[in-house]
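1. Quick one, fold the following:
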Amino acid sequence: MKRHPGLHALSQHHHFALTQALLMRRAAQAPAAKRATAVRQAAEKFLHFWEKTGRQHFREEEEVLLPAYARHKRLDQHAAIPRLLADHAQIRSQIEDLAAELEDSSPRPDALANRVAGLAQALHDHVRFEENEVFPQIEKVLGDAALVALGLRLTRLHPKHSCEI
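-> Numbers count the residues shown, from 1 in each chain. Have a look, this model is predicted:
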């Protein structure tokens with residue numbers, strides 16, 4: 001889908017998040033003999049990604065994107081916005097649970113694999129939701145000038161390719 005350049009930074013983050021979700025899903029589906037190691041590595045890599053850029057991405061959407069949108073439309077008049085915020089809270093919760101499980105000296109491999117698979121699915125579904133429903137609506141409402149200004153604010157917040165691992 002062609003995205004307005006003002007939203008490219010967020011869409012690029014989404015690409016990297018989908019890559020992480022795929023890696024976690026594959027790890028959770030690895031052969032039993034390799035699953036525990038694959039899941040732990042994927043979970044650790046994801047948590048590194050989250051600390052490096054994922055957390056900041058959520059904040060950019062909540063503190064930059066949504067206020068820009070709110071200047072043009074009441075957020076409670078767009079049914080997708082409460083879901084976006086609820087997804088963010090749920091994903092944060094899943095990430096906290098994953099981190100706590102990894103800190104456990106003897107995490108149960110099956111439980112960890114299930115947690116990783118669940119987080120991967122939630123992340124995938126959330127990114128697709130934003131790209132397919134939220135961003136197109138924001139593009140329609142904001143218009144070119146506001147999207148350009150938004151893009152400038154977003155690119156100033158982080159260097160290009162800062163979310164790659």
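2. drop to CA atoms for contacts and neighbour counts, all remaining ones
-> Fine.
3. mind showing which ranges of the protein have poor pLDDT?
-> Applying pLDDT under 70 to the chain picks out residues 1, 157-165.
4. Apply 80 and report the result again.
-> For the chain, applying pLDDT under 80 flags the ranges 1, 105-107, 155-165.
5. how much space is there between the residue in it sticking out farthest from the centre and His4?
-> Most distant from the centre of the chain: Ala33, at 29.8 Å, with distances by Cα atoms, centre = their mean. Per Cα to Cα, to the nearest Å, Ala33 is found 45 Å from His4.
6. starting at the chain centroid, how far to the host helix or strand of Arg128?
-> Element membership of Arg128, judged by DSSP states H and E, is helix 109-129. Its chain's C-alpha centre and that of helix 109-129 lie 11 Å apart, by Cα atoms, centre = their mean, to the nearest Å.
7. do stretch 95-108 as well
-> Put simply, stretch 95-108 sits 20 Å off its chain's centre (Cα atoms, centre = their mean).
8. Give the buried residues for that stretch.
-> Buried residues in stretch 95-108, counted by 16 or more other Cα atoms under 10 Å: 95, 98, 101-102.
9. Three-state assignment for the residue farthest from the centre of the chain, please.
-> helix (DSSP: H, G, I helix; E, B strand; the rest coil).
10. How much space separates it from Glu44?
-> Where Glu44 is concerned, Ala33 sits at a distance of 19 Å (Cα to Cα).
11. give me the number of residues near Leu150?
-> Residues near Leu150, counting by other Cα atoms under 10 Å, number 19.
12. was I right about it contacting Leu65?
-> Yes: the pair Leu150 and Leu65 passes the contact test of Cα atoms under 8 Å, sitting 7.3 Å apart.
13. what about the helix or strand hosting Thr19, distance to the chain center?
-> Using DSSP H and E, Thr19 sits within helix 8-28. Here the centre of helix 8-28 is set off from its chain's centre by 8 Å, with Cα atoms, centre = their mean.
14. Of all the residues in that helix, which ones are buried?
-> For helix 8-28, the neighbour count (16+ other Cα under 10 Å) marks 9-11, 13-18, 20-28 as buried.
15. For it, enumerate the helices and strands it packs against.
-> helix 32-49, helix 109-129, helix 135-157 (3 or more Cα pairs under 8 Å, 6 or more residues apart in numbering; DSSP states H and E).
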